[in-house]
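model this:
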Amino acid sequence: ASRVQLSLTEAAEKAGFDASAGWGGGRVTLVSLMDRPAYRFGGEATVFADTGELLENVSLEQAQTIAARFAQVPADKVSHVATLTQVDQWTLNQQRAMPLHKFAADDGLGTELYVQASSGDVTMLTTSRQRLFAYLGVIPHWLYFTPLRVEQPLWYDIMVWTSTLACVLAVVGLVIGFIKLRWTRPFKLSTAIPYAGWMRWHYITGMAFGVTTLTFVFSGLLSMEPYEWTNAEGLALERDVFTGGALDFAAFPKPEPAVWNRITEGRGIKEIAFTRIQDGAYYVVRPTPDPNIEAKRRERLHQPYNVTGRAESDRLLVAADTMNVRQEPFSEESLVARLKTAMPDVPIVEQQMLTEYDNYYYSRGNVTPLPVLRVKFGDPMETWLYVDPSISQPLATVHRLNRLERWLFNGLHSLDFSAFYNSRPAWDIVMLVLLVGGLISSFLGLYLGFGKMVTTMIDNASADLWVMPKGTKCFEDPSLLDTRQRSPA
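Below is the predicted model of the structure:
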């Protein structure tokens, strides 16, 4: 903070914004960039707070320095790989961030980093291990192959139709399995299965794991939201329901080092966000993480897709007018009052401050904030809203089709059923058994199907088939097969 020479208003003017008009764009933050304080105005402009210089584009040398600091290695251990203008395998969702400078770090981990030229942000970091497991897991699972994934409509159609076909095949396999079962009296399993050899094992694994294979495939299909079945929308909240309007730059004075040192108790500051909450101006301060405390990693697949936000125990909310840390949450009454004012024609059926997760707002490892205010509306879609009272911010909006999808997708795809989902390692063991069982059944089916296809092609071929001893060089004068060789032939 000691190096900050410009106020937020002055920085906005340097960027060419009308400071008196208020800001309704993206997040406004004060960060450290290339070891210099810088104001960020959404994705529109970056102004260095020490000189007022407007960041145009980071040079290749500057990007290399940023990458080295991010990877925590010397600059000479970072080499430039390429400057991307089109996405690659690891930047598929970053087309708008182009161009990106790609670097490789000699850190023993095979680290590769991507630095955005326009902002200096590190937008992606991968290691050799992460890339290997991605190729073994998520890439084939989602068909995330770059040439296909960049063709969004084609990729989507292939995902939906292959998943639908897999569902049909699984159902057909289960139906045939029940039809083929010999229902004798008394029933004896050893004689009820009408197959031998590998076909018998395919039958057993198919019947044992076929249902869960079907549920996995079906729920995976639902993750694509096919056929527009969940495209209905619940209540749409206006952006300023909990803020009260546009951000007023003038409400934030230039940071004073002594004040910030008192607020953070001497800790470094990673980021300061400027925000408006219930008509008041606040700084959201994120101190430099304690290196002795491992930060919780957000795992997207371990909470519903529509749940956002994460618990930040060290985050500080500072009132801009008093420069005091706000300790108490915003009241339930104030949150509900703003909702009623914004949507006077929509009745509130129920409101409750939750201190524990429910079935639709949760995350494994307590990553999402608690307590949380849950408000149930009486609209046609029966929308539920979850609000973080510590910062007066909506975290999730869930209507009745979303709640149905939660069970059909999260429940069936991840066995996400309340207590069992958090019972580890029991959940892990059951999931591994079911996945391995389905994989074995699928590979046996593929092997048997391929063998059947080959023999059918041979049986229907118009040419003659010659079976000879191994090593025969000329089919015109083959040696006779001995007795041992004739049997397998």
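
Am I right that Arg286 sits in a strand?
Yes - membership of Arg286 in a strand is supported by DSSP: H, G, I helix; E, B strand; the rest coil.

so where do the strands sit in the stretch 301-450 of the chain?
With DSSP state E, counting those that start in this stretch as the criterion, the stretch 301-450 of the chain has strands at 316-319, 348-354, 372-377, 384-388, 393-398.

Using a markdown table, lay out those strands together with distance to Ser423, mean pLDDT and mean neighbour count.
Where C-beta positions appear, they are placed from N, C-alpha and C, glycine not excepted. Output for the strands of the stretch 301-450 of the chain, formatted as a markdown table (distance: least, C-beta to C-beta, whole Å; pLDDT from 0 to 100; neighbours: other C-beta atoms under 10 Å):
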| stretch | distance to Ser423 | mean pLDDT | mean neighbour count |
| --- | --- | --- | --- |
| strand 316-319 | 35 | 94 | 18 |
| strand 348-354 | 21 | 96 | 13 |
| strand 372-377 | 23 | 97 | 21 |
| strand 384-388 | 24 | 95 | 24 |
| strand 393-398 | 24 | 92 | 20 |
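
okay if I get those as CSV plus distance to Leu136?
Formatted as CSV, the strands of the stretch 301-450 of the chain follow (distance: least, C-beta to C-beta, whole Å):
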stretch, distance to Leu136
strand 316-319, 41
strand 348-354, 38
strand 372-377, 36
strand 384-388, 35
strand 393-398, 32
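
Let me know which of the ones you listed is the nearest to Leu154.
strand 393-398 (30.7 Å; C-beta to C-beta).

Just the CA coordinates for that closest one, please, in CSV.
The C-alpha trace of strand 393-398 is given here as CSV (Å, rounded to 0.1, in the frame of the first residue of the first chain):
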residue,chain,number,x,y,z
GLN,A,393,-24.0,-12.1,-2.0
PRO,A,394,-26.2,-14.7,-3.8
LEU,A,395,-24.5,-18.1,-4.0
ALA,A,396,-27.0,-20.3,-5.7
THR,A,397,-30.4,-20.2,-7.4
VAL,A,398,-32.2,-23.5,-7.7
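
which stretch among the strands of the stretch 301-450 of the chain comes nearest Glu56?
Distance to Glu56, taken as C-beta to C-beta, is lowest for strand 316-319 among these, at 31.7 Å.

What is the closest one packed up against?
On a contact count with 3 or more C-beta pairs under 8 Å, 6 or more residues apart in numbering; DSSP states H and E, strand 316-319 meets helix 257-264, strand 280-287.

give me that answer again for 10 Å
helix 257-264, strand 269-277, strand 280-287 (3 or more C-beta pairs under 10 Å, 6 or more residues apart in numbering; DSSP states H and E).

Which one, of the ones you listed, ends up nearest to Phe420?
Comparing the helices and strands packed on strand 316-319 by C-beta to C-beta, strand 280-287 comes nearest, at 34.8 Å.

what about that closest one, average pLDDT?
For strand 280-287, mean pLDDT rounds to 93.

Given it, what are its sheet partners and their directions?
strand 269-277 (antiparallel), strand 316-319 (antiparallel) (DSSP bridges).

How far does the shortest one sit from its chain's centre?
This points to strand 316-319. The chain centroid and the centroid of strand 316-319 are separated by 29 Å under C-alpha atoms, centre = their mean, to the nearest Å.

mind listing what the residue lying closest to Ala246 once chain neighbours are set aside touches?
Nearest non-adjacent residue to Ala246, counting by C-beta to C-beta, 6 or more residues apart in numbering: Gly22, 3.1 Å away. When contacts are counted by C-beta atoms under 10 Å, 6 or more residues apart in numbering, Gly22 touches Gly245, Ala246, Leu247, Asp248, Phe249, Ala250, Arg276.

Where does pLDDT dip in the protein?
1-2, 229-231, 290-305, 464-489 (pLDDT under 70).

which helix of it spans the most residues?
helix 426-459 (DSSP state H).

and it, what does it pack onto?
Using 3+ C-beta pairs under 10 Å, 6+ apart, helix 426-459 sits against helix 152-180, helix 197-223, helix 418-421.

between those, which gets nearest to Glu61?
Per C-beta to C-beta, nearest to Glu61 of these: helix 152-180, 35.4 Å.

quick check: angle from the closest one to helix 426-459?
Helix 152-180 runs at 80 degrees relative to helix 426-459, counting by axes from the mean of the first three to the mean of the last three C-alpha atoms, to 10 degrees.

Show me what helix 152-180 is packed against.
helix 146-149, helix 197-223, helix 426-459.

The same query, at a cut-off of 6 Å, please.
helix 197-223 (3 or more C-beta pairs under 6 Å, 6 or more residues apart in numbering; DSSP states H and E).

list the buried ones in the helix it packs on?
201-207, 209-210, 212-223 (16 or more other C-beta atoms under 10 Å).

Tell me the gap between the longest helix of the chain and the middle of its chain.
On C-alpha atoms, centre = their mean, the centre of helix 426-459 falls 29 Å from that of its chain.

which of the residues in that helix are buried?
Trp427, Leu434, Gly437, Gly438, Ile440, Ser441, Ser442, Leu444, Gly445, Leu448.

next one: stretch 370-379 to chain centre, how far?
24 Å.

And for that stretch, what's in contact with it?
235, 332, 335, 346-355, 383-387, 389 (C-beta atoms under 6 Å, 6 or more residues apart in numbering).

Same question for stretch 146-158.
The contact list for stretch 146-158 (C-beta under 6 Å, 6+ apart) reads Gln89, Leu92.
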